[in-house]
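# sequence and predicted structure are below.
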Amino acid sequence: MTGGPLIVQSDKTLLLEIDHPDAQACRMAIAPFAELERSPEHVHTYRLTPLGLWNARAAGHDAEGVVDALIKYSRYPVPHALLVDVAETMDRYGRLQLANDPANGLVLRALDRVVLVEVAKSKKLAGMLGAKLDDDTIAVHPSERGRLKQALLKLGWPAEDLAGYVDGEAHPIELAQAGRDGGKPWTLRSYQREAVEAFWAGGSGVVVLPCGAGKTLVGAAAMAEAKATTLILVTNTVAGRQWKRELIARTSLTEEEIGEYSGERKEIRPVTIATYQVLTSRRGGAFTHLDLFGARDWGLVVYDEVHLLPAPIFRFTADLQARRRLGLTATLVREDGREGDVFSLIGPKRYDAPWKDIESQGWIAPAQCTEVRVTLTDAERMSYATAEAEERYRMAATARTKLPVIRALVDRHPNEQTLVIGAYIDQLHQLGEYLNAPIVQGSTTNKERERLFDAFRSGEIRTLVISKVGNFSIDLPEAAVAIQVSGTFGSRQEEAQRLGRVLRPKADGRQAHFYTVVSRDTIDTEYAAHRQRFLAEQGYAYTIVDADDVLGPTLPSFD
Amino acid sequence: MSTSLADQLRSLPDESLAALLQLRPDLVVPVPTDVAALAIRAQSRVSVSRALDGLDQFTLQIMDAARLTRDPADGTTSVDGVLALATAGPHPPAPTSVRAAVDRLRARFLLYGPDHRLQLVGGVDEISPYPAGLGRPAAELDPRTAALCADPAKLRRTLLAAPPSARAILDRLAAGPPVGSVPPGALRAPATGADDELPPDETNGGAPTGSPVRWLVDHRLLVRVAGGKGGSSGMVELPREIGLLLRRDTGPLGPLSASPPAVTSTPREPKAVDSAGAGQTMEVVRHTEALLEQLAAEPAPVLRSGGLGVRDLRRLARFTGLDEPTAALLLEVAYAAGLTGEVELPGSTGRYGADQQVLPTGGYELWRAGSLAQRWEQLARAWLTMTRQVGLVGQRDDRDRPITVLSAEAERAGAPAARRAVLAVLAELEPAAAPTAEEVLALLDWQAPRRSRGRETAHREVLAEAATLGVTGLGALTSYGRLLLVEATTTEDRDNDDPLGVRADGAGGTAVRALDALLPAPVDHFLLQADLTVVVPGPPEPALAAELDVVAEPESAGGASVYRVTALSVRRALDAGYSADDLHGLFRRRSRTPVPQGLTYVIDDVARKHGGLRVGSAGAYLRSDDEALLAELLADRRVEELALRRLAPTVLVTPYQTGRLLAVLREAGYVPVAEDATGTAVLTRAKVRRAPARVSAATRTIDPLTAPRLPLPRLLGVVEQIRRGDAAARAARRAPAAVRGAAPAGPVAVPSHSDALAVLQQAVRDKALVWVGYVDAHGATASRLVRPVSLGAGYLRAEDERTEMLHTFALHRITAAVLEK
């Protein structure tokens, strides 16, 4: 018994007690191979997954080291069976390699002949493998590089991709750290630099950083490293413009060098920003904008918000395996569970930082999360009780009783920029009227959106009501208060995104507030519980209060 | 010879005789009457075989040397002769070790007599016909081969001339055993013209004509001998002389190794071994508990053929997250440790006996109360001694049926011995030595080749099971595993020396204490977090575990336990009798970290709603829109007996049934109306009670008192029946005395049986009537006048004219037969 900070569970989770003096050292030791699953305030949970172990293996860690780290930091004896399992799992990575053979092009090479025989017999690989060149080598068609990696991962024999990358069409890009057009000089933050270095060493992969931690800058720095034409894939047009603004401000790129490829404009320039939506739009069952991927010899493809990557993009990405790929995201958790595809197609996770760590470094505004429970009126309860099952959530979420509570919350922070976020348009209109605030929704034109956001930034508008469009990638730097009224059922990812809206660092470092207004004793509460769990696991303490506490006269406070 | 062994034994001092009996304990079961009987038993095949089973490879080889050096004339040998033969090879063992081996054999009286006139115990040759894997001398086999062997130069030439495929066969036979079966057709003469030419293929896979075996037989290097299974065309044997010649490189006894094979694997860090093992013990105990809990929640039915069904095993394994072999092992161990048992399902007794279920026993409760180390020790001890080979589970038996957990098919009496043997091998190595499975098997094979042969699979399974149970860690025996092994063996010895258990210490053994020191101490607190998880950073104290089981859902287990508090679990706690304050108190008291506000809120919120819906049972209800009327009823003393209770201003309930409620109310002067489940009034009309319908007496036709009238044909039938009975009685009286049962038995009975056969044969030919006396199935003697029809296959078939039936008599039951005069 070493009395270490780590407890190894038999379901392959690792519990790290963070108040332990060795906790920091232990975190460094296990971070390469274990994935952080939850980071509440006292005990962080890491998980040993085959993906994580293979990630570590890809980064050059061996099984012996992993076992040593587990034994060294473990408080209690580690079961023999688990150690054996770790070693065996890690041993599976890299038995097969994808490599470039000077004579035969792309080949699958085996360090263990038996594995190659086993794999070659598999039906899942039928058609991907070509002729057998010798006992240890099988030719692979270059177009199958991605699909083969996907299939091998599913078989449990992930291949090491050593086939390298094309450099792409060179294009000079520099970071403008000195400040541009009279801007202030700036530098990359340490974790951003580490993220870029880790990515560049690996060739392709995913960088996980919380909202507001400057993912765009990581992308820009990666572009400056690549110095090549770049395709940037983003969730929507507004986010694309954000990228463009940021790139012009922070790099040597000019407005003319950056193209927008969206529903409105179809520009292809050395740096092109395209939306997922336009790429996945179909006409007559065929994807019409696939040519974009071949339009230039891209040296780097950047995927913004990887966790939202639509399924068709995975298919396109399977064909882009020879290009460097950078994924940026706040979370690897995908509601559809396709983490394995992200691993095999975009690449292993290259950098990850727990939110709380970054917050304690002062890059994110600290946030206070509060759930306000509203008791419905008897009439509302009756209509809720008799409603159809599919109408219930809508009914509970859009209860009128919430309105006064929302106003009370807005009034609580008279000097703060406040966002009210909801999912139902009717309710948003009600709110807009009730709070006398403008609304941004799906049908709002981009021009109008820009105008409203600018006004919000400048402080002209203090309260803004936004629909689900606000979930993704809009930059509202000075929003200090977010009130969410209704959401997409229990989506954890949405919760994280919305919290991200208020987490941008504030000029004066003051605290951000995140309120969720839910109807008591309804399905609304259950969904809220599901969503908040994600945040609690990220270490944000949730306070639950009754609406009466918000509405009632403020209690006398004692200092 | 036997007398001389008896003489030898007789002349021994008591201590030496006792030493022999200790070495060969089977000699005293049952206790022989005298030394002569002991000597006979000591030479019996069974006893000698047992004595040989316990010997290591080297000693057995020296034994073979003694057999080979026997003087053909009087069957004696000498120590010097054995020594000479044993050290004849190119790598001779030390003479001292040879002498030590001879002494071991003499101590067991497998060899006896003075040094220069050593005698071998009888029975050895029966057990293994080929000493040292060498065939019989050529002289015993075939004179022509003997002639060849007598001419060394020619023999050598013939050997050198052997083609490679034939030489390969020779080498294999020379290594022993010296006999081999011959494939069908291999010895048949080749097709014309092929002569003795060998076919060019040297793999021996070609046509049977001209096979290397035939070449060898033709050249007198192999001798055909009788035997072999059906299909093969006999066996061939390599004569001893040729075998010895072929063993020039290894020595006449084959490769000799006086010491066990060495272990070359690098030893582990002892601390790491103990740590890995201890981790495994925690897992085993936890998994066993989870399995048994699941078994308690959903008992598994016992199959008619015994054991638990494959599906039940799969279910249990899936629930506990184990693979099936491990789940099977733990179930078997738990059963052996008495933690589970069968229960007969009440009321299920059917044609095949009662249905049974496997459930945790009362012993399980005791087990659960013990410390981790004690619980593990109970399991490990049960494993050491259980006569089950769990590796068989999942395989198929002789009738191709799957072998199931806890079924009789997995019972193997040799399993404990196999475990002891394997663990003893590990224990004899230096601490933390981690030999590979192959090395362990090689060691076992050297230590007791006769015993370990054919048990390789079982031994491998033991190694795997020991790792699973945490007896070994990282492939090496753990320190506490070593202690357990010592304890388990000494307990047995102690039980023998100390039948009353006077010296038993009672408390947990040293193994438990050693393991306790390695295992984490139980903790009595937890850490509460904002995501409502509860982390117990170590094995929880039983009290804490019991509390958490009620108030939270387990999420992950292992070194620590993680629970999550949910609204559902809080409700369950409230159901179990906790109040909101109790829960707040529990979390405050046990938590090392501040209680998150969310948790406090959840508890209060659930407690507020708890009991909002009430469920109860009632016999009948009484409702009325007139609240005043119900109030009056409630106050009415005449209906007090109904124990009415007001649920709502317009509803009363009573525990009594509708009928009684109606009757009492009506009696009291109220006018209630019954209603059915849909609320409509049920109309009632007075109903008269009636007994079930019966038939009128008038329909009867016969007066029971008058005598039955008998029609004539029936009467005649009766008379005939009586007459026939009479005739039978007379006939019986006519039966000759010889066939009557009363005939005096004695020496005459024996000839009478063979006489009877003669009489019967004659009667069959003459178609004459015969009196047959026989013993029937109940042992009674009887006689019958019959006309025999046939005689054969042990049966007499004969016609009884009186009853007009054909009877069959078993000949061995016939005592006498006399012709009707």
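Looks like it came in fine. Numbering: from 1, shown residues only, chains lettered A, B, ... in the order given.

# pretty sure A:Phe33 sits against A:Ala63.
No: A:Phe33 lies out of contact with A:Ala63 (CB atoms under 8 Å); the separation is 9.5 Å. C-beta: built from backbone N, CA, C; applies to glycine.

# looking at the two, which is more packed in?
For A:Phe33 versus A:Ala63, neighbours defined as other CB atoms under 10 Å in any protein chain shown are more numerous around A:Phe33 (25 against 20).

# how's the chain carved up into domains?
Going with chain A. Residue ranges for the domains of chain A, per automatic domain parsing: A:6-92, A:96-161, A:190-359, A:365-551.

# other chain: chain B
According to automatic domain parsing, the ranges for chain B are B:2-128, B:138-190+B:206-246, B:270-345+B:354-499+B:508-513, B:527-609, B:620-676, B:727-819.

# shouldn't A:Tyr540 be within a strand?
No: using DSSP: H, G, I helix; E, B strand; the rest coil, the assignment for A:Tyr540 is coil, not a strand.

# what separates it from B:Pro449, distance-wise?
69 Å (CB to CB, to the nearest Å).

# looking at the two, which is more packed in?
Shown here are A:Tyr540 and B:Pro449; by other CB under 10 Å, A:Tyr540 has more neighbours (23 against 17).

# once you drop chain neighbours, what's closest to that one?
Excluding the flanking residues, the one nearest A:Tyr540 by CB to CB, 6 or more residues apart in numbering or on different chains is A:Cys369, at 5.0 Å.

# wait, the one you found sits on A:Gly539?
No: look at A:Cys369 against A:Gly539 with CB under 8 Å: they stay out of range, at 10.6 Å.

# run a quick neighbour tally on the residue nearest to A:Tyr540.
That count, for A:Cys369 with other CB under 10 Å as the rule, works out to 23.

# and the helix or strand where it lies, what other elements does it pack with?
A:Cys369 is located in strand A:367-374, with elements delineated by DSSP states H and E. Under the contact criterion of 3 or more CB pairs under 8 Å, 6 or more residues apart in numbering or on different chains; DSSP states H and E, strand A:367-374 touches helix A:402-412, helix A:492-502, strand A:512-519, helix A:523-537, strand A:542-546, helix A:547-551.

# what residues are up against B:Ala798?
By CB atoms under 8 Å, 6 or more residues apart in numbering or on different chains, the contact list for B:Ala798 reads B:770, B:772, B:786-789, B:806-807, B:809.

# can I have the buried ones of these as a ChimeraX selection?
The buried residues among those can be selected in ChimeraX (16 or more other CB atoms under 10 Å in any protein chain shown) with this line:
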select /B:770,772,786,787,788,807,809
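
# just send the contacts of B:Ala798 back as JSON lines, with pLDDT too.
What follows is the contacts of B:Ala798, written out as JSON lines (pLDDT from 0 to 100):
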{"residue": "B:Val770", "pLDDT": "83"}
{"residue": "B:Val772", "pLDDT": "82"}
{"residue": "B:Val786", "pLDDT": "83"}
{"residue": "B:Arg787", "pLDDT": "84"}
{"residue": "B:Pro788", "pLDDT": "84"}
{"residue": "B:Val789", "pLDDT": "83"}
{"residue": "B:Leu806", "pLDDT": "83"}
{"residue": "B:His807", "pLDDT": "82"}
{"residue": "B:Phe809", "pLDDT": "83"}
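
# format the contacts of B:Ala798 as CSV; extra columns: secondary structure and distance to B:Ala138.
Formatted as CSV, the contacts of B:Ala798 follow (DSSP: H, G, I helix; E, B strand; the rest coil; distance: CB to CB, whole Å):
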residue, secondary structure, distance to B:Ala138
B:Val770, strand, 67
B:Val772, strand, 65
B:Val786, strand, 68
B:Arg787, strand, 69
B:Pro788, strand, 64
B:Val789, strand, 64
B:Leu806, strand, 67
B:His807, strand, 66
B:Phe809, strand, 61
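
# so which pair among the contacts of B:Ala798 is furthest apart in space?
The span of those, defined through CB to CB, is set by B:Val770 and B:Leu806 at 14.6 Å.

# what mean pLDDT does stretch B:340-355 have?
For stretch B:340-355, the mean pLDDT works out to 73.

# ok, now stretch A:463-483?
Stretch A:463-483 comes out at a mean pLDDT of 72.

# show the end-to-end separation of that stretch, please.
This stretch, stretch A:463-483, spans 10 Å end to end (CA to CA, to the nearest Å).

# before we move on, what about stretch B:23-43?
With CA to CA as the measure, stretch B:23-43 spans 15 Å from end to end.

# can you tell me what sits against it?
Stretch B:23-43 is contacted from outside by B:2-3, B:5-6, B:9-10, B:20-21, B:46-48, B:50-51, B:107-109, B:121-123, using CB under 8 Å, 6+ apart.

# who in the stretch 51-200 of chain B is up against chain A?
Residues of the stretch 51-200 of chain B lying close to chain A (CB under 8 Å from any CB of the partner chain): none.

# just to revisit the earlier point, which ones among the contacts of stretch B:23-43 lie within helices?
Residues of the contacts of stretch B:23-43 located in helices (DSSP state H): B:2-3, B:5-6, B:9-10, B:20-21, B:46-48, B:50-51, B:107.

# could you give me the PyMOL syntax to select whichever of these are buried?
To isolate the buried subset of these in PyMOL, counting by 16+ other CB under 10 Å, use the following:
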select buried, chain B and resi 5+6+9+20+47+48+50+51
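
# export the ones in helices among the contacts of stretch B:23-43 as JSON lines, with columns for pLDDT.
Shown next, in JSON lines, are the ones in helices among the contacts of stretch B:23-43 (pLDDT from 0 to 100):
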{"residue": "B:Ser2", "pLDDT": "41"}
{"residue": "B:Thr3", "pLDDT": "47"}
{"residue": "B:Leu5", "pLDDT": "79"}
{"residue": "B:Ala6", "pLDDT": "77"}
{"residue": "B:Leu9", "pLDDT": "78"}
{"residue": "B:Arg10", "pLDDT": "77"}
{"residue": "B:Leu20", "pLDDT": "80"}
{"residue": "B:Leu21", "pLDDT": "80"}
{"residue": "B:Val46", "pLDDT": "83"}
{"residue": "B:Ser47", "pLDDT": "85"}
{"residue": "B:Val48", "pLDDT": "86"}
{"residue": "B:Arg50", "pLDDT": "85"}
{"residue": "B:Ala51", "pLDDT": "85"}
{"residue": "B:Ala107", "pLDDT": "86"}
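
# appreciated, that's everything.
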